[in-house]
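> Pasting the sequence and the predicted coordinates here, then a few questions.
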Amino acid sequence: MGTARVVGPARPVRGILAAVGVLAALAGTAGCSPDDGAAADAAPTGLSWPTAVDPASTDGTLWVVWTDVAQDATVAGAELADTVEDLDALGYRTSPWEPTCQESAQEALGGLTGYEAPVGVGLAFSSAQDAGAFDTLCEGTTVTVTEGAYTCG
């Protein structure tokens, strides 16, 4: 009979712990605020920060990158203030708005969050490419991207 060799878990566990540590460090740096280096990360990707458009003055289909969502309008100001400030610091002027103002956005955000009347911080772009560039540059902060025409005012 041969002797069974017992392999200790030290190496696999050490490897798993190292991987978890790397993932945690990466998760800690994801986001879209000037404090987390998002602007510095723009150059290595080869992407430029896209120009957002005013949804109320744009005809046709828009792509809205929703970066934060609150349960309803009564709490939106307080809950979404940090997100608005972070985007403002990056040069994007926005405020919370109701996704009912874009075709299909209400259903998308409500379905993702379970909120009946969500209010969110969303930046509108005139192309899927611009929305995708913003999403890439602000890795980890996108709730969803919706496509549709602006329907309010």
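That came through, no problem.
> Could you verify that Val65 is part of a strand?
Yes. According to DSSP: H, G, I helix; E, B strand; the rest coil, the state of Val65 is that of a strand.
> Tell me who's in contact with it.
With contacts taken as C-beta atoms under 8 Å, 6 or more residues apart in numbering, Val65 has the following neighbours: Gly122, Leu123, Phe125, Ala131, Phe134, Asp135, Cys138, Thr142, Val145. (C-beta placed from N, C-alpha, C; glycine too.)
> Which of the residues you listed fall within helices?
Within the contacts of Val65, membership in helices is found for Ala131, Phe134, Asp135, as judged by DSSP state H.
> can you pick the most crowded of the residues you listed?
Neighbours were tallied for each of those (criterion: other C-beta atoms under 10 Å), and the maximum of 25 neighbours falls on Phe134.
> Just want to check the distance between that residue and Gln71.
Remark: distance between Phe134 and Gln71 (C-beta to C-beta, to the nearest Å) = 25 Å.
> go on, Gln102?
Between Gln102 and Gln71 the distance is 19 Å, computed by C-beta to C-beta.
> mind showing which ranges of the chain have poor pLDDT?
Low-confidence segments of the chain, defined by pLDDT under 70, are located at 1-31, 33-45.
> Going by residue numbers, what spans are strands in it?
Ranges of strands within the chain are 61-70, 119-125, 144-149, based on DSSP state E.
> for those, which one sits closest to Thr51?
Ranking those by proximity to Thr51 (C-beta to C-beta) places strand 119-125 first, at 7.8 Å.
> residues in contact with that closest one?
Contacts made with strand 119-125 from outside it, assessed by C-beta under 8 Å, 6+ apart, are listed as 50-55, 58, 62-73, 76, 80, 83-84, 87, 92, 94-99, 102, 105, 109, 131, 134, 143, 146, 150.
> Between Gln102 and Gln71, tell me which one has more neighbours.
Set side by side, Gln102 and Gln71 show more neighbours around Gln102, with 26 against 15, by other C-beta under 10 Å.
> which non-adjacent residue is nearest the more buried one?
Take Gln102 and drop its neighbours on the chain: the residue closest to it by C-beta to C-beta, 6 or more residues apart in numbering is Gly148, 5.0 Å away.
> ok, now which ones touch the one you found?
Neighbouring residues of Gly148 by C-beta under 8 Å, 6+ apart: Thr61, Leu62, Gln102, Glu103, Ser104, Ala105.
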